[in-house]
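Engineer: one predicted model, sequence on top.
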Amino acid sequence: MLGILLNSRCPMFVFWGPELLQIYNDAYRPVPGAKHPWALGRPAQQIWSEVWADIGPLVARALNGDPTWAENLMLVVNRNEFPEEVYFTFSYSPIPDEEGIGGMFCACTETTAQVLAERRLRTLSELAVCATARSVGEACARSAEALERNAADVPFALIYLVTENGATSVAASAGLSAGGPLDEGRVAHELLTAFGDAPGGGAAVIHDLPARVSAIPPGPWSETPTSALLLPVVNPLGRTTALCVFGISSRRPLDADYRTWLELVSTQVGASIASAQAFEDQRKQAQALAELDRAKTTFFSNISHEFRTPLTLILGPLEDALSAAAGEEDRQRLMLMHRNALRLQKLVNTLLEFARIEAGRLSANLVATDLSELTLDLVSAFRAACDKAGLRLSIHCDPLRAPVAVDREMWEKIVLNLMSNALKYTFDGEIAVRVQDSDDAVVMSVTDTGIGIGVEHLPHLFERFHRAEGARARTHEGSGIGLALVHEFVRLNGGGIDVQSAPGRGTTFSVSVPRRPPVFDVGHTAATLARSAEVAAVVDQAMRWMEQPAGEPAGLAAPGSARILVVDDNSDMRAYLCRLLGGQYDVRAASDGEAALDEVRHHAPDLIVSDLMMPGLDGFGLLQRLRAGNENRGVPFLLLTAKADEGARVQALSLGVDDYLTKPFSARELRARVEALLRLAQMRREATDALRDAEARFRQMADDAPMMVWVTDENGVCTFLSKSWYEFTGQTAESGLAFGWVSAIHPDDRVKVRETFFSANRSRGPYRFEYRLQHAEGGYRWVLGAAAPRLDAGSEFRGYIGSVIDITERKETEDRRQHLLEAERQARVRAEGINAATDGFLATLSHELRAPLNTIVGWSELLVEKSLEPVEARDAVSIIARAAETQSAMIEDLLDMSRIVSGRVELTPEPVHLDAIVRQSVQAIRPAAETKGVRVVESIDAQQSLIQGDPQRLRQIVGNILVNAVKFTPAGGLVSIRLRRRDE
């Protein structure tokens, strides 16, 4: 048994003998903790006295022969000098001996970590549910409740909220109560003070809690917590939004696992607070938007009422003036004003009705109505407009078996709006209107073969202000609330509306109203419809959509006047602008951007005056297309728009608009803007013409110049090469411009030229360099390149202008000069060498001449001053004679050298026995050789020694050679003379 216990890696121990002495293995050592090694071999009851009440009965059962088992049994052990909450899974088994049972064996596993992890994970799950709270207070309260259910790990907790200025307030707590010694407010204040009152700091721990806080919540244990942990909750922007203070269990150490779990708890609390705060912010925003919407509705209602009074005072006098108008021109102007006053009245009425619907103050006045007759009469009013648009109008209104209760005014607006939309978005085909009776309702459908509606727009079709951007239409006019009003009118009449559509295939609107008793039974009404002014205005407006300008001149301007193109989809505005400008300028008109582009291609304008919002290609699109082109990209562009916000103005100016005029504007202001833009355009044309003339003159000058000329832009791209460059190199504009000129440079010079060129382009200073350039006739010629920076009027760098000059002849002249200089230098070196040799020779010669001369002088003086014996006198004379002969020979040698240098040496050739000359020369140097100790050996072939030569010169040659041989042979050396004849 002991062998199994000691060799096992599983924690095991044995209680043995009457005193139950505990014996355990190494794997069990962590269980007793600080009691090891004291516990080894001691009685079990003494070791585990604090838990013996729990495990003693189990041990007794095992000793009585009844094995026991326990799983995750909690024990409070004092193994590390404090009561610790631990959990074990173990089994007790009796150990038999000779007398019965001698002890007990236990295999145990500590499961504390597993039990605590499961308990803490359960708490985190409960905290995660708190993220559904709808307020910050609720999130904090629910989080505190979840923590209170795990008092074993969190005996108490407080959650503080921190404002932006750092003020704190308790939002919720666990383990505390209001009033009494554990009052939440008092404990919260004392805890913050204990942590140093630094809510903006990081995490902090205090371990002497009883000394700092007057009353501490005990939690589930009998021991009061002595430690607390403060954790800040930080939002993504780095601001502390909350503080969490957790009491630390008195029966667990604050180890890494415990602290990590508490950090997760604070993070989850922070997430719940952030989620609730986001919901509160969203709710406040929704409330603010709703309040703003109510204020807007009230404003629309009030302003619409205020509009009606001036409108009445405008329409009344206008109608009086129309009836009394005498001239056709005045009548046309009054009709224009009347039409647009009616249009304004319609818009005001629409806004007022929508405001009343929003405020819940609009209700349907249901009367018995023959919907078939009423619908037929309303739709028939559009027949002329459909004919003008080239559309078929099909009306099928079946007789109804009984009148239907509807609000006639609302029904009228439903039909007019649906018909206007059908006409607005249909360009060919037909519009079909059908009214059908059914069992419990009457259904009206309006079907067109127009552009259709994209599936992405269908869910939003009846929303206020929703518009399908970029949709093709006859006009861009409209408030964006027409279909929203139709939907509301149908609803107020108790009906429903449905739409079916596909892009390019058309649209069908179906309106159904139920059969029900009318509020006012007035019988079969509306058999005839007295067309109201509003109906007439709607139809008249639709008629004017079909008025397409032909592009012809709109005025009687003088010949040569500036040409202005007016672009607007509203026929009244178009006519007004044409009439306003037509007396002074040649004005043409277009109804949208595409028509304007076509007009520009046929008749280039001097100015374009365009509306911003048009169907199809709008003002911005027209401007972009113009600026992207080449021929008319510089045409001045005056943009007219009802958008007065700064964003639209900035967008327009960024796209290249020349001027921006906000509606409404006065005729005087428009004329002033037009005149200013035309003057500016004229100045641009004159500047362009002057620039073009200057460029032409420059090109002509560059082409006529004796050197090659080139120009680059600020990026180093070559934009001009003179004609002489193309003639010199054989390149063309296609192969030479941009960076193609580099290919004409000699391959060995390209790297140097590119480095010089691009370095100068960065430093923007003048430069010059030489390189070899290909010639059209073949080969390369040397050229000199020079360049200077081009600067505009604002001293901005615009590139370089440079020249290239052929310097091949100069380079060749320089090369010849260099060769001559080198030849002169070498001749000078040779002359200096000759001079030096001459000086040395003269010095040596002077020395050699002095020796015999001194001999002659010395013996001559001796002969003159002393009386010598005849023999001595003869010897002296003989010595003087030999010295004179030596000096004579040396002088003769000098003369020979002079003759050789000057080319005047003369030879007297004759048959000569060379062996004799050699023997004589040997005999002449033998005394000097013997005196020096040099042995002379001769080998002379006398039979073949006859030659043709100058005897005297040959003696000089042989004699000099032998003299030098003896002179430069060291003592004891050998001089060998051989004379042989060779065939060559």
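Structural biologist: Thanks, I have it.
Engineer: Ser510: neighbour count?
Structural biologist: For Ser510, the count of nearby residues is 16 (other CB atoms under 10 Å). For glycine as for every other residue, the C-beta is placed from the backbone atoms N, C-alpha and C.
Engineer: which secondary structure element is home to it?
Structural biologist: Ser510 is part of strand 506-514 when elements are defined by DSSP states H and E.
Engineer: and the nearest residue to Asp659 once chain neighbours are set aside, helix, strand or coil?
Structural biologist: Nearest residue to Asp659 in three dimensions, chain neighbours excluded: Leu638, at 4.8 Å (CB to CB, 6 or more residues apart in numbering). Following DSSP: H, G, I helix; E, B strand; the rest coil, we place Leu638 in the strand state.
Engineer: touching, Leu638 and Leu661? I think so.
Structural biologist: Yes - using CB atoms under 8 Å, Leu638 and Leu661 qualify as a contacting pair, with a distance of 6.3 Å.
Engineer: looking at those two, which one has more neighbours?
Structural biologist: Leu638 (20 against 15).
Engineer: for the more buried one, give its distance to Ile395.
Structural biologist: According to CB to CB, to the nearest Å, Leu638 stands 44 Å off from Ile395.
Engineer: just Cys10 next, same as before
Structural biologist: Per CB to CB, Cys10 is found 96 Å from Ile395.
Engineer: ok, the two, which is more surrounded?
Structural biologist: Comparing Cys10 with Ile395 by neighbour count (other CB under 10 Å), the higher total belongs to Ile395, at 15 against 12.
Engineer: which parts of this protein belong to which domain?
Structural biologist: Listed domain ranges for the chain are 2-110, 130-277, 363-544, 558-688, 705-806, 907-984 (source: automatic domain parsing).
Engineer: how many other residues sit next to Leu974?
Structural biologist: Burial of Leu974 is recorded as 11 neighbouring residues (other CB under 10 Å).
Engineer: cool, and Asn964?
Structural biologist: 12.
Engineer: sort out which residues of the helix or strand harbouring it are buried, please.
Structural biologist: Assigned by DSSP H and E, Asn964 belongs to helix 951-967. Going by neighbour count (16 or more other CB atoms under 10 Å), the buried part of helix 951-967 is Pro951, Leu954, Arg955, Gln956, Val958, Gly959, Leu962, Ala965, Val966.
Engineer: next one: stretch 222-236
Structural biologist: Using 16+ other CB under 10 Å as the test for burial, stretch 222-236 gives Thr224, Pro225, Thr226, Ser227, Ala228, Leu229, Leu230, Leu231, Pro232, Val233, Val234.
Engineer: residue contacts, the fourth one?
Structural biologist: Contacts of Ser227 were listed using CB atoms under 8 Å, 6 or more residues apart in numbering, and they are Val205, Ile206, His207, Leu209, Gly247, Ile248, Leu254.
Engineer: just the buried ones from those?
Structural biologist: Among the contacts of Ser227, those classed as buried by 16+ other CB under 10 Å are Ile206, Leu209, Gly247, Ile248, Leu254.
Engineer: the fourth one - nearest residue in space that isn't next to it in sequence?
Structural biologist: In this structure, Ile248 finds its nearest non-sequential neighbour in Ser227, 4.0 Å apart by CB to CB, 6+ apart.
Engineer: got a pLDDT number for Glu984?
Structural biologist: Glu984 carries a pLDDT value of 54.
Engineer: next: Leu182.
Structural biologist: If you check Leu182, the pLDDT there is 59.
Engineer: before we move on, back to that, what separation do you get for the residue nearest to Ile248 and Val205?
Structural biologist: 6 Å.
Engineer: list the residues that contact both of the two?
Structural biologist: By CB under 8 Å, 6+ apart, the residues touching both Ser227 and Val205 are Leu254.
Engineer: which residues in the stretch 851-984 of the chain form helices?
Structural biologist: Per DSSP state H, counting those that start in this stretch, the stretch 851-984 of the chain carries helices over the ranges 870-902, 914-932, 951-967.
Engineer: circling back: overlap in contacts, Leu638 and Leu661.
Structural biologist: Listed as contacting both Leu638 and Leu661 by CB under 8 Å, 6+ apart are Arg673.
Engineer: which phi and psi does the nearest residue to Gly933 once chain neighbours are set aside have?
Structural biologist: Spatial nearest neighbour of Gly933, chain neighbours left out: Ala971 (4.3 Å); criterion: CB to CB, 6+ apart. Per-residue torsions, Ala971: phi -60, psi 140 (degrees, to the nearest 10).
Engineer: how far does the lengthiest helix in the chain sit from its chain's centre?
Structural biologist: Counting residues, the longest helix found in the chain (DSSP state H) is helix 256-324. Centroid separation for helix 256-324 versus its chain: 36 Å, with CA atoms, centre = their mean, to the nearest Å.
Engineer: and it, what does it pack against?
Structural biologist: Other helices and strands packing on helix 256-324, by 3 or more CB pairs under 8 Å, 6 or more residues apart in numbering; DSSP states H and E, are helix 112-129, helix 136-148, strand 228-234, strand 240-247, helix 328-358.
Engineer: hmm, 10 Å instead?
Structural biologist: Counting contacts by 3 or more CB pairs under 10 Å, 6 or more residues apart in numbering; DSSP states H and E, helix 256-324 packs against helix 112-129, helix 136-148, strand 157-162, strand 168-174, strand 228-234, strand 240-247, helix 328-358.
Engineer: could you check the angle strand 168-174 makes with the second one?
Structural biologist: Direction vectors for helix 136-148 and strand 168-174, defined by axes from the mean of the first three to the mean of the last three CA atoms, to 10 degrees, enclose an angle of 40 degrees.
Engineer: ok, now the third one?
Structural biologist: With the same axes, to 10 degrees as the criterion, the two stretches strand 157-162 and strand 168-174 enclose an angle of 160 degrees.
Engineer: check which helices and strands strand 157-162 sits against.
Structural biologist: Going by 3+ CB pairs under 10 Å, 6+ apart, strand 157-162 lies up against helix 136-148, strand 168-174, helix 184-194, strand 228-234, strand 240-247, helix 256-324.
Engineer: so which of those is the most surrounded?
Structural biologist: With neighbours taken as mean count of other CB atoms under 10 Å, the helices and strands packed on strand 157-162 reach their highest mean count in strand 240-247, at a mean of 24.
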